[in-house]
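**Q** Sequence first, predicted coordinates after that:
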Amino acid sequence: MSNTDNSLIEFGVTGSETEQTPETGTLTEDTQSIISTRGLDVWYGDDHALQDVDMDIPKNRVTAIIGPSGCGKSTFLRCLNRMNDMVETARIEGEVRFNGTNVYDDDVDAIALRRQIGMVFQHPNPFPKSIYDNVAYGLRVQDKPVNDEIIETALRRAALWDEVEGQLDKSARDLSGGQQQRLCIARAIAVDPDVVLMDEPASALDPVATSKIEDLIEELAEEYTVVIVTHNMQQAARISDKTAVFLTGGKLAEFDDTQKIFENPESQRVEDYITGKFG
Amino acid sequence: MATVDDLTFTRGFSAVKGSAFRLACFGATAFGLLALAALLLIVTWGALGLGAAHPVWILVVLTAVGVSTGGVLAYAGQDETFKLAAISSTAAIIGGAVLGVFAVIFLLIATPNVWAAYAGASILPAVVVFLALPRSRYRISATAAVVVAGGIGATFALGTLTSIAATAKPWLLYVATIVVPLAVLVWRGVERTVGRRQATLVAGGLLVAGVLGATRTR
Amino acid sequence: MTPGLVLVFVLCLLFPLGVLAWRRFQSGESNLGLAAPFLIIGGTAIGVLVANATGFAGPEPWLDWQFVTSAHSRHPEEAGLYPAIIGSFFIMMVMAVFAFPVSIGAAIYLEEYAPSTGWRGRVVQLIQVNIANLAGVPSVVYGLLGLAIIARALRLGTGAVTTAAFTLGLLIMPITIISAQEAIRAVPDEHRQASYAMGASDWHTLRRVVLPEALPGILTGTILSLGRAIGETAPLIMIGAATTVYSPPTTLNDSVSAMPMQIFAWAGEFIADFRTGVLSAGVLTLLLAMLSMNAVAILIRNRYEQEQT
């Protein structure tokens, strides 16, 4: 296995650096897309979970994906880092281009891909190891050097350092739910990925922990591309630059600047959903 | 709408059924425990030949056991830390005894010379390699490789190695292959956390106790 | 018992306690409670001394040092369990070396790698059902299998250590596989997902996440199955193990007896002392061996469950 671990596939050039992130909600025209999907279809057995999705996810922005439950938003997210590979019944067609490379090409290694696209899950899932070992996990798996400095930087970026300083040997299980989730974010960004995917990261947390996570996501967008799935429309409106709305049947109903989606959506069905008429 | 009758319903026949079931479950548990206790008691009685003992003798011993066990239990009831430590140390002693029986029987079957041949060819070099590569990524794999290579080497040179081992007394072989590496590893572990002096004391004590224990019981 | 072996036994006896005391010392916990078992043992010893000093008649134990260090004899006072004890533990060790890696490997494959869909999935399901059934097959049937295939077809010899070890190994494999599977299944899927999402391979995930978390459960299952194997008699009778041997086995091909076999032989002796005293001593030895292994297994599990919460 170590062979495949080391054969990291280089993904295409990341293009010219964009200027410093402007305020949330606005988008400059020169933003590049880092991930683009074309005609993406997903089936789970006979169930058509995602239908013909075309989407361009901008680099160094927060992209929110909203929609009613069962609309395929988590499925979409899991296509981006090929986590659906582990579902035996899943069948995927179409393209997901990450920096120009189709990640479903035969010569792309899913393991190498996931090293550049990190993920945070709905329920905080730290390993039953120490806080230090949790953050170091990705580095060790990827044969990268581990030192206290890298661990501290990751924990600082995840806004957790002040709360766990001096007790990194403690079990991650002793942390509160919100702290555990920030630890999971620290674990994901410790390996310095390009993109961080978040699957309803705050839905299992209380309001205070949620607002901390939201603040954190806005800060993360300065360095990373964040794609966040949420069922909470206010959250999407608060933190994202772009919003995609999936409606039933796994179809992308609308994808545009967050402001436009929430104030003046093109489609009537999206407006109904946003205003709470259904969903 | 719930009437008063609905709310007090569980005090009637249903309550009788519930407590009868609870009693039956308790009875089943108690029966199982009692049966096991009776079996153990009969076997222990016969195995220790307690039938030959005078009742006063048994009474005195039972009192001593009761007092010491009761005292420990009573103290453990008040002190949670003590209780946890007592449970883990009992487990450690039982586990150590099981481990000891397995180890002794293994060494009995292997015979000292064959054991010393394999241990000298694989375990001792492995400990050296393990200590020589403290922070290397290859520490574990190198140690494992030495163990395997040493084992294969010892199998081929078994005749020579056992004849060398036969020149030493068995207890000396055990001290050299078990006590010495253990003392080195303990020294290493203690030194890192507590300090060199304490480490030397602990490891040296282990070594001296090992040599004395092995020679004195002769 | 040579002095060297006494040394080894004492080292093994105190090793877990030493590790425990060191860990507690490092984390700054009080080590007072570690004395508890010694207090009880010491209290009992003082009680025996006092009772002997009273001058009243003491017991005449059948289970004593002589009993565990000598072989069967025509005189009950001189009879012992030594070759059978060695035989039993020898069988256990050979069995563990062969059965546990296979069982744990099978459990890992079935839980982590085996396909769950399509016709391959159905084959795996069939295997699963069969393992569950095998766990319930009477042990005497395994004895027949051992006699026909291991002793005769593979020519490992009737009543030899390897034959006994392989037969008992087959007997406990289904139980060990099932318990190891349960331990592996108990590792939350979220931890595997987290590991894969970090760019870990199957092997990394297994080695760094799944196995460390499942290890206490796997260990508990294997020790409990050792406890089951040590008491098995029927398969040993079927493969032609001797009821009584006078010298312990020293090689894998030696004729072997086991504790339950010797106990069974004593139950049919003509002299009454064999059927009462010696038999009880044998049973108690067997029970002590089995119960202490089970106690270790249960305590490992409890400790693990405490850490989980």
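**A** Structure received. Residues are numbered from 1 along each chain as shown, chains lettered A, B, ... in the order given.
**Q** For the residue of the stretch 51-200 of chain A found nearest chain B, grab phi and psi.
**A** Residue nearest to chain B within the stretch 51-200 of chain A: A:Asp143 (8.2 Å; CB to the nearest CB). Any C-beta I mention is one placed from the backbone N, CA and C, and that applies to glycine too. The phi/psi pair for A:Asp143 (degrees, to the nearest 10) reads phi 60, psi 30.
**Q** where exactly do the strands run in chain A?
**A** Under the criterion DSSP state E, strands of chain A are mapped to A:33-44, A:47-58, A:62-66, A:90-98, A:101-102, A:117-120, A:195-199, A:225-229, A:242-247, A:251-257.
**Q** In a markdown table, list the ones you listed along with mean neighbour count, mean pLDDT and distance to chain B.
**A** Output for these, formatted as a markdown table (neighbours: other CB atoms under 10 Å in any protein chain shown; pLDDT from 0 to 100; distance: least, CB to the nearest CB, whole Å):
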| stretch | mean neighbour count | mean pLDDT | distance to chain B |
| --- | --- | --- | --- |
| strand A:33-44 | 19 | 88 | 33 |
| strand A:47-58 | 18 | 88 | 37 |
| strand A:62-66 | 28 | 91 | 38 |
| strand A:90-98 | 18 | 88 | 30 |
| strand A:101-102 | 16 | 88 | 30 |
| strand A:117-120 | 26 | 92 | 24 |
| strand A:195-199 | 25 | 92 | 28 |
| strand A:225-229 | 26 | 92 | 32 |
| strand A:242-247 | 26 | 89 | 43 |
| strand A:251-257 | 18 | 88 | 45 |
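**Q** Go through those and name the closest to chain C.
**A** Among these, if distance is taken as CB to the nearest CB, the winner is strand A:117-120, at 3.8 Å.
**Q** Flag the shaky bits of the stretch 1-150 of chain A, pLDDT-wise.
**A** A:1-31 (pLDDT under 70).
**Q** Nearest the geometric middle of the chain, what residue?
**A** No chain specified, so I'll use chain A. Nearest to the geometric centre of chain A sits A:Leu197, at 1.0 Å (CA atoms, centre = their mean).
**Q** look at chain C instead
**A** Centre-nearest of chain C using CA atoms, centre = their mean is C:Leu226, 2.6 Å out.
**Q** Contacts for the helix or strand harbouring it, please.
**A** Per DSSP states H and E, C:Leu226 falls inside helix C:211-230. For helix C:211-230, the surrounding residues in contact (CB atoms under 8 Å, 6 or more residues apart in numbering or on different chains) are A:128, C:88, C:91-92, C:95-96, C:100, C:103-104, C:107-108, C:168-169, C:171-172, C:175-176, C:178-180, C:182-184, C:186-187, C:191, C:258-259, C:286, C:289-290, C:293-294, C:296-298, C:300-301, C:303-304.
**Q** I'd like the distance between C:Ala297 and chain B.
**A** 10 Å (CB to the nearest CB, to the nearest Å).
**Q** Pull the contacting residues for that residue.
**A** C:219-221, C:223-224, C:227.
**Q** how about a cut-off of 10 Å?
**A** If a contact means CB atoms under 10 Å, 6 or more residues apart in numbering or on different chains, then C:Ala297 has B:95, C:216, C:219-227 as its contacts.
**Q** So which of those residues is surrounded by the most neighbours?
**A** Comparing those by number of neighbours (other CB atoms under 10 Å in any protein chain shown), C:Ser225 comes first, having 29 neighbours.
**Q** sorry, back to before: touching, the residue nearest to the centre of chain A and A:Leu220? I think so.
**A** No - applying CB atoms under 10 Å as the test, A:Leu197 and A:Leu220 come out as separate, 11.8 Å apart.
**Q** Are there residues contacting both of these two? Which ones?
**A** A:188, A:226, A:228.
**Q** Could you say whether the residue in chain B that chain A sits nearest to sits in a helix, a strand or coil?
**A** Distances between chain B and chain A by CB to the nearest CB are smallest at B:Arg137, namely 8.2 Å. Secondary structure for B:Arg137, judged by DSSP: H, G, I helix; E, B strand; the rest coil, is coil.
**Q** got the contact list for it?
**A** Neighbours of B:Arg137 in contact, by CB under 10 Å, 6+ apart: A:Asp143.
**Q** picking up where we left off before, between the strands of chain A, which one is nearest to C:Ile150?
**A** Closest approach to C:Ile150 among the strands of chain A (CB to CB): strand A:90-98, 45.0 Å.
**Q** touching chain C at all, the closest one?
**A** No - counting by CB under 10 Å from any CB of the partner chain, chain C has no neighbours in strand A:90-98; the shortest distance is 10.6 Å.
**Q** okay, the angle between that strand and strand A:195-199?
**A** Orientation check (axes from the mean of the first three to the mean of the last three CA atoms, to 10 degrees): strand A:90-98 against strand A:195-199 gives 140 degrees.
**Q** If you count contacts, what does strand A:90-98 end up packed against?
**A** strand A:33-44, strand A:47-58, helix A:73-80, strand A:101-102, helix A:110-116 (3 or more CB pairs under 10 Å, 6 or more residues apart in numbering or on different chains; DSSP states H and E).
**Q** let's go with 6 Å and repeat that
**A** With contacts taken as 3 or more CB pairs under 6 Å, 6 or more residues apart in numbering or on different chains; DSSP states H and E, strand A:90-98 sits against strand A:33-44.
**Q** could you dump the strand it packs on to PDB, C-alpha only?
**A** Provided in PDB are the C-alpha atoms of strand A:33-44 (Å, rounded to 0.1, in the frame of the first residue of the first chain):
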ATOM      1  CA  SER A  33     -12.800  28.100 -10.000                       C
ATOM      2  CA  ILE A  34     -10.900  25.300  -8.200                       C
ATOM      3  CA  ILE A  35     -13.400  22.500  -8.600                       C
ATOM      4  CA  SER A  36     -15.800  22.300 -11.500                       C
ATOM      5  CA  THR A  37     -18.300  19.500 -12.100                       C
ATOM      6  CA  ARG A  38     -19.800  18.800 -15.500                       C
ATOM      7  CA  GLY A  39     -22.800  16.500 -16.000                       C
ATOM      8  CA  LEU A  40     -22.300  14.800 -12.700                       C
ATOM      9  CA  ASP A  41     -24.800  12.000 -12.100                       C
ATOM     10  CA  VAL A  42     -24.800   9.600  -9.100                       C
ATOM     11  CA  TRP A  43     -26.900   6.500  -8.600                       C
ATOM     12  CA  TYR A  44     -27.100   4.500  -5.400                       C
END
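**Q** quick one: strands adjacent to it?
**A** The pairing partners recorded for strand A:33-44 under DSSP bridges are strand A:47-58 (antiparallel), strand A:90-98 (antiparallel).
**Q** if we can go back for a sec, could you list every residue that touches the residue of the stretch 51-200 of chain A closest to chain B?
**A** Listed by CB atoms under 6 Å, 6 or more residues apart in numbering or on different chains, the contact set of A:Asp143 is empty.
**Q** contacting residues for the closest residue to A:Glu214 other than its chain neighbours?
**A** In space, and not counting its chain neighbours, A:Glu214 is closest to A:Ile239: 5.3 Å by CB to CB, 6 or more residues apart in numbering or on different chains. A:Ile239 makes contact with A:62, A:214, A:217-218 under the criterion CB under 6 Å, 6+ apart.
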